[in-house]
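Colleague: Sequence and predicted structure, then a few things I'm wondering about:
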Amino acid sequence: MQLDDRAETLLRLTPRQHSALSKLGIVTVRDLLFHFPARYEEIGGLKQISELREGEKATVIAEVVGLKAEKTWKKKLRIAEGVVRDETGLLNVVWFNQPYMANILKPKTRVRLSGRVSRKKTLLVMANPLFEPLLAGEPVAINELLPIYPETYGLTSRWFRYQIQRLLQTAGPIREIIPAEILEKYHLPSRERALRAIHSPKTRGEAEASRKRFAFEEIFLIQLNRQRERKKLEEEHGRSVETNAELIKRFVSSLPFALTDAQRKAVWQILQDFKKPHPMARLLEGDVGSGKTVVAAATALNAVSASYQVAYMAPTEILARQHFEEFIKRLSPFKIRIGLLTGSEARKFPSKVNPKSHTHISKNQLLKWCLNGDIQILIGTHALIEEKVKFKKLAFAIVDEQHRFGVRQRAGATKGTRPHFLSMSATPIPRTLALTMYGDLDLTVLDEMPPGREPVETRVIPPREREKTYQFIREEVKRGGQAFVICPKIEEKKKDGADLAASPYPLSPASQAKLEWSEVKSVKAEYKKLSEEIFPDLRVGMVHGKLKPKEKEMVMKKFKNHELDILVSTSVVEVGVDVPNASIMVIEGGERFGLAQLHQFRGRVGRGSRKSYCFVFTTNQDHANNRRLKALQEVKTGFELAEYDLQFRGPGELSGRKQWGISDVGMEALKNIKMVEAARAEAQSLIADDFELKKYPLLKERIEKSDTAVHFE
C-alpha cells in the first residue's frame, strides 16, 4: 500500500461514504491517514466486568443481553435500559433521553462501552456510556484515550477509527520528509511514530507531541513554498521606477487632510522598492478606514509620472467603481487618464465631451487604449486578468483584498514582465498567519487611524432589547443618519432543517448548525419585515449577491445619495463600500460571524462626522454573553481582535482548511509565534543553501506534489 493510492481501491465504500469522503477532500490513503482526531475522550482502561469498581472510569468489551425503551415512573424520562455481559459477569447500562438505543444495540451485539461506573442498590450501572458496536475479529484499542474524528453525514468517528487503524497495520514505512537535524533541534518525533501516535496515543503528552510535529511540518512546507517563490522573484528583472519627490509633495498638499505617519512611511517604503532591480512584492495591511487607497493613489501617480502604466484590481464591481471615482477625485488635478473595466462595463476618464467627467466606451476601444498606453491607470475586477487585456508598459499592479483572489489569480494579474506588486487588505490577520501565508511578501502595516475619527460604539443586543434598539434607529434616521442591516443568508429554504428536527437521534454539531441556520433571518424576509412592520415610515432598500451588477449599483447609488434610509444586505457590503453618512450598522445573527468579519461590518460606519453605532443582534440571551462578542465591544482595533480570535477559538472552530488552506492542526500552530518563526527561519536557511532542494529529494517531491498554495474564500 502506498500513501498516494486512492482510498476507494482499498476500502469498501457505499456511494454515500464515497460522496462523504469527497466532501471532506479525502481522496488518497494519505488524505485519510492525515485526517486527524479533533479531540480525545478519556475512557478509562480496559477491564472485565468483575473488576469494575464504583466511581471509576472504565471500558468493557461485552455482549448485549437485552435493551428496552421505556419511561421512568417519576420523571417520565424516556430511557433505554438493559444488561450486557462478558465471561466474568453482568453490567446494567442506561441511556437517558435516548430510547432509540434499544433499536441500535440488539441482543448478541458485541460492543465496547466506556463510561463512569455507579451503583444502584446492589447493581453496578454505567450511565450514558460511549459505545461502539464491534465487528467480528475487529482489533480493540486498549488505550485510555479514544480519538474523536471530525465527522460528516454518512461517516462516523468510529468508521474513521476502524479504517485508519486497519490502514496503519498494512502500511509500509512512512517516509520522513523533514531533515533529521531539524527534527533533532526541535525535539520532534519521526513522521511514522507521530502518525501512529496521533491516531492511538497512550497519553495526552504523546498526542500533543504528535500534533506539534505535524503542525510544524505543515507550516514548514508552506514556508518553504513561499521562500522559493520569494527567491524566484528576486531573480526576476523588474522595471525600475525613480521617485518623483516634487510630484508626491504636490499630491500630498492637494489632499483635504494630512497623511498619518503610517501612511507616509508606507508610501516611502513602496517608492524605495520601486527603485530596486527586481519587482516589489509587498502586502499593505491596514485596519478599516486607515487610508490604504490614498497610499495606492500616491504610488500609482509616481509610476505614471515615469511613463509607466498601473493596474488596480478590486474584488467586486461595486468596489471597482468606487475606487475608479476615488482615483478620479484624487488624481484629476494631475491630468491622469483612468479606465474602468468590469464584467458589465467599460469607462474612461476624462470624457472628450466633458473633461471633468467619465463616460461609457466599448470594451474593445478601452483595450486598444490600454495596449497603446493611452490609459495610464486601469481599475477593474477579475476582468483585468483576462488574456485579451494587454498593457504597453505595466509597471505596478495593485490587488485589493487579495484573500478573495488566491495565489494563482494573483500570479495571473502579472503577465509578461512582472510589475511591482502591492497587495492591500483591510482584513486584519494575526502576525503568525501573515508570516506564514504571506512569506513571499514584505509587510507594511497602517496602524494609525486618520485624526478626528471617533470610535464606533458597539453594543451586543439580546432579543428583549430589540424594540428599544429599533426605536433608537428610527430617531437617528430622523436626525439625518442612515443604517445598514446585515443578514447572513439570502433566502430561507422552506424545508431547511425539517428532517433534522424530526430525527430521534442527537444532532451532530454540523447538523445542529444547519438547523439553527434555518432560523437566521434572510435578507428578503428581513427587508419585508423592516419595510412593512418595523419602519413602514422609512425608505428601505435591499441588496444581495443574486442581484445583477447594475441592479446592485443602482441600489448602492440610491443609498449613497441618501435616497434610502436603511439598506438591508448580505455581506456584500463587508469590504470597502464607503457611505460617509451611514451611522448605524445592525448585524443580524451576530454569533454566526467571525470576529474579523464583524469588525469589517463595523468599519462600514463611522466614516463621516456623525457619532456612529454598531448593534450586534443575537438570537438568544446566551449568545449575548458570548465571550467573542464581548471582545468586539471592548477591543477597538482589528489587529487586536484577530489575535484574540485566534487564541480563543477552539480547534474545531478554526476552519482553516476552508478559509486558508491550512488544516486545523496547522491553525493551532499559528497560536505559537515561536513555532512559526522557527519554521520560517529553517525554511529560509534551507532555500538559501539549496534552492533546488537537491539534498532533500523527498522534501522536494512533497512540495511539488502537495498543493500548498493558499485557497482563500
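Modeller: Everything's here; your move.
Colleague: quick one: residue 154 from residue 635, how far?
Modeller: 40 Å (Cβ to Cβ, to the nearest Å). Placement of C-beta: from N, CA and C, glycine included.
Colleague: In the protein, where is pLDDT below threshold?
Modeller: Scanning the chain for pLDDT under 70 picks out 75, 136-142, 402-416, 452, 489-521, 572-577, 623-625, 649-661, 706-713.
Colleague: how does it divide up, domain by domain?
Modeller: What the record gives for the chain is the domain set 44-143, 245-446, 457-635, from automatic domain parsing.
Colleague: do you know which of these lies nearest residue 666?
Modeller: Closest approach to residue 666 among those is made by domain 245-446 (8.4 Å; Cβ to Cβ).
Colleague: What's the end-to-end length of that closest one?
Modeller: 21 Å (Cα to Cα, to the nearest Å).
Colleague: Compute the distance from the centre of it to the centre of its chain.
Modeller: 25 Å (Cα atoms, centre = their mean, to the nearest Å).
Colleague: Distance check, residue 316 against residue 45.
Modeller: From residue 316 to residue 45 the distance is 58 Å (Cβ to Cβ).
Colleague: For residue 116, which non-adjacent residue is spatially closest?
Modeller: Leaving aside its chain neighbours, residue 116 sits nearest to residue 57 (5.2 Å; criterion: Cβ to Cβ, 6 or more residues apart in numbering).
Colleague: thinking again about what came up before, could you single out the most deeply buried of the domains of the chain?
Modeller: domain 245-446 (a mean of 19; mean count of other Cβ atoms under 10 Å).
Colleague: In PDB, could you pull the C-alpha coordinates for the lengthiest strand in the chain?
Modeller: Longest strand of the chain, by residue count under DSSP state E: strand 57-71. Below are the C-alpha coordinates for strand 57-71, written out as PDB (Å, rounded to 0.1, in the frame of the first residue of the first chain):
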ATOM      1  CA  LYS A  57     -14.000   5.400  34.500                       C
ATOM      2  CA  ALA A  58     -13.500   2.200  32.600                       C
ATOM      3  CA  THR A  59     -14.000   0.400  29.300                       C
ATOM      4  CA  VAL A  60     -15.500  -3.000  28.900                       C
ATOM      5  CA  ILE A  61     -16.000  -5.300  25.900                       C
ATOM      6  CA  ALA A  62     -19.300  -7.100  26.300                       C
ATOM      7  CA  GLU A  63     -22.300  -8.700  24.600                       C
ATOM      8  CA  VAL A  64     -25.800  -7.100  24.700                       C
ATOM      9  CA  VAL A  65     -28.200  -9.400  26.600                       C
ATOM     10  CA  GLY A  66     -31.100  -7.100  26.000                       C
ATOM     11  CA  LEU A  67     -32.200  -3.400  25.900                       C
ATOM     12  CA  LYS A  68     -35.700  -1.900  26.100                       C
ATOM     13  CA  ALA A  69     -37.000   1.600  25.700                       C
ATOM     14  CA  GLU A  70     -39.300   2.800  28.500                       C
ATOM     15  CA  LYS A  71     -40.400   5.800  30.600                       C
END
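Colleague: Next, the angle strand 57-71 makes with the helix or strand following it.
Modeller: Next helix or strand after strand 57-71 toward the C-terminus (DSSP states H and E): strand 78-86. Angle, strand 78-86 to strand 57-71, by axes from the mean of the first three to the mean of the last three Cα atoms, to 10 degrees: 130 degrees.
Colleague: so how far is strand 78-86 off the chain centroid?
Modeller: 44 Å.
Colleague: just stretch 455-474 next, same as before
Modeller: 28 Å.
Colleague: contact partners of that stretch?
Modeller: With contact meaning Cβ atoms under 8 Å, 6 or more residues apart in numbering, stretch 455-474 is reached by 483, 534-535, 537-538, 566, 584-586, 590, 602-603, 605-606, 611-621, 623-624, 626, 629-630, 632-633, 636.
Colleague: Now do the strands in the stretch 351-500 of the chain.
Modeller: 359-360, 377-380, 394-400, 420-425, 442-446, 457-461, 482-486 (DSSP state E, counting those that start in this stretch).
Colleague: Okay, now the sheet partners of the third one, with direction.
Modeller: Going back to what we said before, that points to strand 394-400. Sheet pairing of strand 394-400 (DSSP bridges) gives strand 309-313 (parallel), strand 420-425 (parallel).
Colleague: Alpha carbons of the longest one, as PDB, please.
Modeller: Just to be clear, that refers to strand 420-425. Taking C-alpha atoms only, strand 420-425 is exported to PDB below (Å, rounded to 0.1, in the frame of the first residue of the first chain):
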ATOM      1  CA  HIS A 420       5.800  45.700  -8.900                       C
ATOM      2  CA  PHE A 421       3.100  44.100  -6.900                       C
ATOM      3  CA  LEU A 422       1.100  45.600  -4.000                       C
ATOM      4  CA  SER A 423      -1.500  43.600  -2.200                       C
ATOM      5  CA  MET A 424      -3.800  45.500   0.100                       C
ATOM      6  CA  SER A 425      -6.000  44.100   2.800                       C
END
